[in-house]
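Student: Need coordinates for the below:
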Amino acid sequence: MVIKPEHLSIKFFGYRLAKELADALPPAARGECIVGLPSKLATQADIESRWFSHWMAELGLPIHYNRKLWEFAYILQSMLEADLLRPGTRALGFGCGQEPIASYLASRGVEVVVSDLDSNDERAISWKGTTEHTSSLELAYKPDLVERTVFDRLVTHRSVDMTNIPQDLREFDVCWSACALEHLGTIRAGLDFVEHAMAVLRVGGLAVHTTEFNCLGPETIESGPTVYFRRDHLQALKERMDNFGCVMAECDFDLGEGPIDHTIDLPPYPIDVPDQASWIGQGMQHLKLASNDLIVTCFGFHIIKGIDMGTSLPANELIGLKSLEYNEDYYEEHKEAGLDYLGHGYWQESYATMVTEATLQSTYDRPTFFDGGCACGSILTGFKKTGVFTSVSGVDLSDHMVQLGRKHFKLTDREIISGSIADIPLESASISLVHSAQVLEHIPNELTDAILDEFARILQPGGRAFICLDAIRHGENKEMYMGDPTHFNIQPVMYWTKKFQDRGLYFDIEAYNRFVRSQQGPTKGDPRSFFEHYPYWSAWTLIKV
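Tutor: Okay, the predicted model is just below:
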C-alpha cells in the first residue's frame, strides 16, 4: 500500500494527544456503579467515566482510549446492571478470541462456555495467529484474573459457527460477542445472528454485543470480510427485537464531544505493514478510525429476552368455546374446556407469591393490590392469602362471575366489584400493584386506551404492574390465539409495549429478573417452573415512572 506521510503525521499526533490525556487521568480504581447503560457508541466520556475505570481495575488493564478496552467494559457493565456477575450464572461467549472476559467471569463464579469457529474451518484461517481466534481453553485462560483450578472447573470450550448455532446450547443466563457479528459475511447475516442467538437464553436472559459502526454517510459496506452497520440497521434491529417480545436498550448515537471523539486515526495500521507493525502501532490509541473510506467506531447494545408464559395450550386448542357474553354460559364452557374460574389451590397461591416477591410489594409502606378483570376472584384470593397487602380489590364485567366469587371465596363487595375496568371505582395513586391476567385480549380495541389510562391512574408513582395476555410473537400468527371467540384484540407484543410506555409504564428490569428466576411453580412437588408449563402467555413487569 502507498503510505502517505501526512497520514503518519496526523496519526502520531493523535496518538500523542491520546497518551497525554490518558496519562492525566486518575489510575484505574474499583467501584461498581449502576449508570443505566443504553445501546451506544464508544466515546471519550465513557473512557473517562467511573464505570470504565472500575472495569479496567478489575481486569488489571490501563485506562487508554482504546476501542477493544471499551468493548470489554461495556459487556461487563451490561452484565453487572442485569445482576449476572454472580455464582450460578451460565454464560455463552461467541467468537471469543483470546479476550479476558471468560477468565474474569469465572473469577466471579460464573459458568462459561467460550466458543469460536472450528480451527479447521477455512473461515478461521485469517484469524489464526491473531488474538481474535481461540481454538482451546489455554488461549482463553488469563492467570492474572483467576486461579487455574477455578477456571478449569467453570470454563469449557465449544466450536460454534455463529451462522448455525447448535440447538443444544440453551437456557443460558447471558450471551455475548465482542466485534464478531460484523465478520459473518453480510449485514443481514449479522442481524440474523443477533436474533438466532436469543434462542440460547432463558426467558429474561441478557444478550450483549458490540460491533463496527459507520459514523457518517448513507454509504457503507454490506458484504465482505468486515461489514459496517449504520444507524438505520440498528434502529431496525431494535424494532425487530421489540416485535419479538424482547427489550433492546434505547439507542444513543451521540458521537461524543471530546478531542479524542474528533480525532480520526488513519491508515496504515499495523496489519497493513507487518514489517513495521511495532513502529506504526507504537502508542496506538483511538476510538474512531478510517477504514475502507468510512469513519467507524464501536457500537454496543444489550437485549433482554421477553417473557413467554401462559396456558398449557394455545387458545385455538381450547375447543367448544362459543359464547360471546360473559355470562353463565361463558363460565360453563370454559369449565368444560379445563379452565374452571372457581378453581383455587397451590397454583394460585404460588403464582401470587411469585408476582408479589418479584414486584417487591413488602417494601411499600402500604401495599395495595388491584386485579383488572378478576373473574371469580380466584387469583385475587391468592394475592390476599400472601398476607402482604393491606387491601385487595378486583373488578370484573361479569356480574355472574362476581356473584360466584363472593359466595365461593367469601370476598366482600369492596374486594370484588361488578363493573367496567374502564371506570375503576378507586382513588388515583392508591394501588402499589396492578395485576391483569389474560384480560386485555378480550377487550375491544376502542376500549383499550380507556382501560390502560385507568390502570395508570390508580397506580401510585413508583408502583408496579404485572400484566400478561395472549399476544403475537415471532414466528406466530393471530389464528393460533383465536379459539376463544371473545379474543377481540390479538395484537403483536410491540403494540402493547408502546401502549404501556405511552402512559409512563416502563419495563422494570429488576422485577423482570426476579420474576423469571423465581422457584415458584404451578404444581407442588414438580420442579418445573411456570415458564416450562405455560409457554403461550406473554407478560410484562412494569413500573410507573
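Student: so who does Lys160 touch?
Tutor: You called it Lys, but residue 160 is Val. Phe94, Ser115, Asp116, Leu117, Pro166, Leu169 (CB atoms under 8 Å, 6 or more residues apart in numbering). For every residue, glycine as well, the C-beta is placed using N, CA and C.
Student: Surely the third one is in contact with Asp161?
Tutor: No: with contact defined as CB atoms under 8 Å, Asp116 and Asp161 do not form a contacting pair (9.7 Å).
Student: And these two? Which one has more around it.
Tutor: Asp116 (28 against 16; other CB atoms under 10 Å).
Student: show me the contacts for the spatially most central residue of the chain.
Tutor: Nearest to the mean C-alpha position of the chain, by CA atoms, centre = their mean, lies Ile304 at 0.9 Å. Ile304 sits next to Ala82, Gly204, Gly205, Leu206, Cys246, Val247, Phe507, Ile509, Tyr512 when contact means CB under 8 Å, 6+ apart.
Student: In strands, which of those residues appear?
Tutor: Applying DSSP state E to those, the entries found in strands are Gly204, Gly205, Leu206, Val247, Phe507.
Student: Between which two of those is the distance greatest?
Tutor: Largest separation among the ones in strands among the contacts of Ile304 by CB to CB: Gly205 and Phe507, giving 14.7 Å.
Student: before we move on, back to that, which one of the contacts of Val160 is nearest to Gly462?
Tutor: Phe94 (37.6 Å).
Student: Double-check that closest one against Cys179; I have them as touching.
Tutor: No: Phe94 is beyond contact range of Cys179, at 11.0 Å (criterion: CB under 8 Å).
Student: Would you mind telling me which of those two has the busier surroundings?
Tutor: Phe94 (25 against 21).
Student: Checking the residue nearest to that one when sequence neighbours are not counted next. Helix, strand or coil?
Tutor: Computed as CB to CB, 6 or more residues apart in numbering, the closest residue to Phe94 that is not its neighbour in sequence is Ser177, at 4.1 Å. Secondary structure state of Ser177, per DSSP: H, G, I helix; E, B strand; the rest coil, is strand.
Student: How many residues are close by Ser177?
Tutor: That count, for Ser177 with other CB under 10 Å as the rule, works out to 28.
Student: Also the one 5 residues further on?
Tutor: By the other CB under 10 Å criterion, the neighbourhood of Glu182 contains 25 residues.
Student: distance of the residue nearest to Phe94 from Lys142?
Tutor: 18 Å (CB to CB, to the nearest Å).
Student: Which strands or helices does the longest helix belonging to the chain pack on?
Tutor: For the chain, the longest helix by residue count, based on DSSP state H, is helix 5-23. With contacts taken as 3 or more CB pairs under 8 Å, 6 or more residues apart in numbering; DSSP states H and E, helix 5-23 sits against strand 264-265.
Student: Settle it for me: which of Gly205 and Phe507 has more neighbours?
Tutor: Gly205 (25 against 16).
Student: can you pull the pLDDT of that one?
Tutor: For Gly205, the model assigns a pLDDT of 89.
Student: Let me know whether it touches Cys175 as I believe.
Tutor: Yes: counting by CB under 8 Å, Cys175 is a contact partner of Gly205 at 7.4 Å.
Student: circling back: what lines up beside the helix or strand just after the longest helix of the chain in the sheet?
Tutor: Using DSSP states H and E, the next helix or strand after helix 5-23 towards the C-terminus is strand 39-41. Paired with strand 39-41 in the same sheet, following DSSP bridges, are strand 251-252 (parallel), strand 294-304 (antiparallel).
Student: Tell me which of those strands sits nearest to Leu459.
Tutor: strand 294-304 (22.0 Å).
Student: just for the stretch 201-350 of the chain, where's the confidence low?
Tutor: 243-245, 281, 306-328, 330-331, 333-341 (pLDDT under 70).
Student: Please apply the same query to the stretch 1-150 of the chain.
Tutor: Looking at the stretch 1-150 of the chain by pLDDT under 70, you get 1-2, 119-135.
Student: Repeat the analysis, applying 90 as the threshold.
Tutor: In the predicted model, the stretch 1-150 of the chain carries pLDDT under 90 at residues 1-12, 97-98, 116-139.
Student: sorry, back to before: so who does the residue nearest to Phe94 touch?
Tutor: Per CB under 8 Å, 6+ apart, neighbours of Ser177: Gly93, Phe94, Gly95, Met162, Ala197, His209, Thr210.
Student: just checking, which of those residues belong to strands?
Tutor: Per DSSP E, the subset of the contacts of Ser177 in strands is Gly93, Phe94, His209, Thr210.
Student: Go through the residues you listed and name the one nearest Lys498.
Tutor: Distances from Lys498 to the ones in strands among the contacts of Ser177, taken by CB to CB, are shortest for His209, at 24.4 Å.
Student: What segments of the stretch 351-500 of the chain are strands?
Tutor: Along the stretch 351-500 of the chain, counting by DSSP state E, counting those that start in this stretch, strands occupy 368-372, 391-396, 416-418, 431-437, 459-469.
Student: Out of those, flag the one nearest Asn66.
Tutor: strand 459-469 (39.7 Å).
Student: Show residues contacting the closest one.
Tutor: Contact with strand 459-469 is made by 307, 309-310, 355, 358-361, 364, 429-441, 455, 496, 500, 505, 508, 511, 515, 537-545, as judged by CB under 8 Å, 6+ apart.
Student: So which of those residues sit within helices?
Tutor: Using DSSP H, Val355, Ala358, Phe455, Trp496, Phe500, Ala511, Phe515 are the members of the contacts of strand 459-469 that sit in helices.
Student: got CSV for the residues you listed, with pLDDT and neighbour count too?
Tutor: Output for these, formatted as CSV (pLDDT from 0 to 100; neighbours: other CB atoms under 10 Å):
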residue, pLDDT, neighbour count
Val355, 95, 28
Ala358, 94, 22
Phe455, 97, 24
Trp496, 92, 21
Phe500, 95, 19
Ala511, 91, 21
Phe515, 86, 24
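Student: Please put the alpha-carbon coordinates of stretch 257-264 into PDB.
Tutor: The C-alpha coordinates for stretch 257-264 follow below in PDB (Å, rounded to 0.1, in the frame of the first residue of the first chain):
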ATOM      1  CA  GLU A 257     -17.700  16.000  22.000                       C
ATOM      2  CA  GLY A 258     -14.200  15.400  23.300                       C
ATOM      3  CA  PRO A 259     -11.000  15.900  21.300                       C
ATOM      4  CA  ILE A 260     -10.500  12.100  21.100                       C
ATOM      5  CA  ASP A 261     -14.000  11.800  19.700                       C
ATOM      6  CA  HIS A 262     -13.000  14.300  16.900                       C
ATOM      7  CA  THR A 263      -9.700  12.500  16.200                       C
ATOM      8  CA  ILE A 264      -9.800  10.000  13.300                       C
END
